[in-house]
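[1] Could you look at this predicted model? Sequence included:
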There are 2 protein chains.
Amino acid sequence: MEEKEIPKAVISRLPKYYRYLGILMDEGVERVSSADLSRHMHATASQIRQDLNHFGGFGQQGYGYNVKYLYESIGKILGLDRGYTMIIVGAGRIGMAVASYTRFEKRGFKVIGIFDRRPENHRGENAGGIEVRGMDELPAFLRQNKPDIAALTMPSEGAAMVTPILIEGGVKGIWNFSHMDLEVPEDVTIQDVHLSESLMELGYRMNHPSGGQKTSGRRQES
Amino acid sequence: MEEKEIPKAVISRLPKYYRYLGILMDEGVERVSSADLSRHMHATASQIRQDLNHFGGFGQQGYGYNVKYLYESIGKILGLDRGYTMIIVGAGRIGMAVASYTRFEKRGFKVIGIFDRRPENHRGENAGGIEVRGMDELPAFLRQNKPDIAALTMPSEGAAMVTPILIEGGVKGIWNFSHMDLEVPEDVTIQDVHLSESLMELGYRMNHPSGGQKTSGRRQES
């Protein structure tokens, strides 16, 4: 597929398309109309067609989109076909939740290690069958296993300290649950997750009915 | 303050402004320039000024913004000054992480109850000092305490079953961590959190260096 400049807003909707198409696949659905996608994506059918046109128009007027083809094409665009290995740094509640989330592996993200300052507190815990290792084992693990991604699920100070070790170890993507603005080289990608921002946005939206949404309720992703 | 139509994109940045301004407040900083905000928000200074102009221009050229005033004004816009009560439905790892996150209370969201199908599995667990109650207690709790928000941190099937009980009990905002598209009345606001979509976006961005970001690393919020 040719590489075109795809608008950021479109990219950020792709995972949602992918997720919904995955559900349709599981249900054995073979075709989907832009109207149906529209309902589930909470966007107009015309918006849906515009979005999908960025990838060379998989649909046919009056016929709809081939679910499997669209699912696989978007998966390729998202790079999910290549697969990623991921480690989790910080075995607190969020870290362990991420570790035991089988859905990520289904999407091509395989957890291969979990690290914590106090691994002794996690003996015998089930985190997708992976034992929690000590931080001292992290550098050697990085050298041997070359994980693509690190999920940083520890407090801010710890996150800032561990980041250089991750970079040195060749990690190219950081999924940052800490509240730290991490400084990393140009070739490293950071995706911040700020749950408190999502909650504040909910508060705002509860106080400011926007109207214009066609579905029941007022919905937004974060 | 007058109510104007504020673009969605601006609203979604407000919590981030608020968070950063909170950090500056904690550090005792009194004024901030749009250039400094720009660095931390990963946006141009002109974008920052445009954003803040939506709220009546708190800044002065060459002088900067009053941190406390801006923090409080954005807090009011976000409705954080009014305060929200929240319950958590589902005491799994994510639910317990949300429950013990003191940062939310600092932002005006107070957790007043946690519910689970199997409260007996959580006896003695510390979730911000709140005990985990059984689902059977939920309807009476809603009647008595009228929480504003419910964080739904349980699997999809359970989330769909419990939603009508929440609505019936007067909950006006649902912070939805489940993978279910919930159907709710018009006056109920849903904020979906899909961690797997955030992770997929990271994967995409690792494979598609966009350039154009002026900060170290490539960063995006979700």
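    In hand now; what should we look at? Numbers count the residues shown, from 1 in each chain, chains lettered A, B, ... in the order given.
[2] care to break chain A down by domain?
    Following automatic domain parsing, chain A resolves into domains at A:8-77, A:84-196.
[3] which neighbours does the lengthiest strand in chain A have in its sheet, and in what orientation?
    Identified as the longest strand of chain A according to DSSP state E is strand A:109-116. In the sheet, strand A:109-116 lines up against strand A:84-89 (parallel), strand A:132-134 (parallel) (DSSP bridges).
[4] Give me the below-cutoff pLDDT ranges for chain A.
    A:1-5, A:55-62, A:210-222 (pLDDT under 70).
[5] now the strands for it?
    A:31-32, A:65-66, A:84-89, A:109-116, A:132-134, A:149-152, A:173-176, A:189-192, A:218-221.
[6] Including mean neighbour count, could those strands go into TSV?
    Every C-beta, even on glycine, is put in place using the N, C-alpha and C of the backbone. Formatted as TSV, the strands of chain A follow (neighbours: other CB atoms under 10 Å in any protein chain shown):
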stretch	mean neighbour count
strand A:31-32	18
strand A:65-66	21
strand A:84-89	24
strand A:109-116	22
strand A:132-134	17
strand A:149-152	28
strand A:173-176	26
strand A:189-192	24
strand A:218-221	20
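[7] Let me know which of the ones you listed is the nearest to residue B:186.
    Of all the strands of chain A, it is strand A:218-221 that lies closest to residue B:186, at 7.5 Å by CB to CB.
[8] Measure how buried the residue nearest to residue A:78 when sequence neighbours are not counted is and give me the count.
    Take residue A:78 and drop its neighbours on the chain: the residue closest to it by CB to CB, 6 or more residues apart in numbering or on different chains is residue B:204, 4.7 Å away. Residue B:204 is flanked by 22 other residues according to other CB atoms under 10 Å in any protein chain shown.
[9] and what of residue A:106?
    Counted with other CB under 10 Å, residue A:106 comes out at 11.
[10] if I pick residue A:94, what's in contact with it?
    By CB atoms under 8 Å, 6 or more residues apart in numbering or on different chains, the contact set of residue A:94 is A:153, A:177, B:93-94, B:97.
[11] about what we covered before: for the strands of chain A, give me JSON lines that also has distance to residue A:141.
    Formatted as JSON lines, those follow (distance: least, CB to CB, whole Å):
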{"stretch": "strand A:31-32", "distance to residue A:141": "42"}
{"stretch": "strand A:65-66", "distance to residue A:141": "42"}
{"stretch": "strand A:84-89", "distance to residue A:141": "7"}
{"stretch": "strand A:109-116", "distance to residue A:141": "6"}
{"stretch": "strand A:132-134", "distance to residue A:141": "7"}
{"stretch": "strand A:149-152", "distance to residue A:141": "11"}
{"stretch": "strand A:173-176", "distance to residue A:141": "16"}
{"stretch": "strand A:189-192", "distance to residue A:141": "21"}
{"stretch": "strand A:218-221", "distance to residue A:141": "34"}
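[12] Quick check, residue A:204 in contact with residue B:11.
    Yes - between residue A:204 and residue B:11 there is a contact at 6.0 Å, judged by CB atoms under 8 Å.
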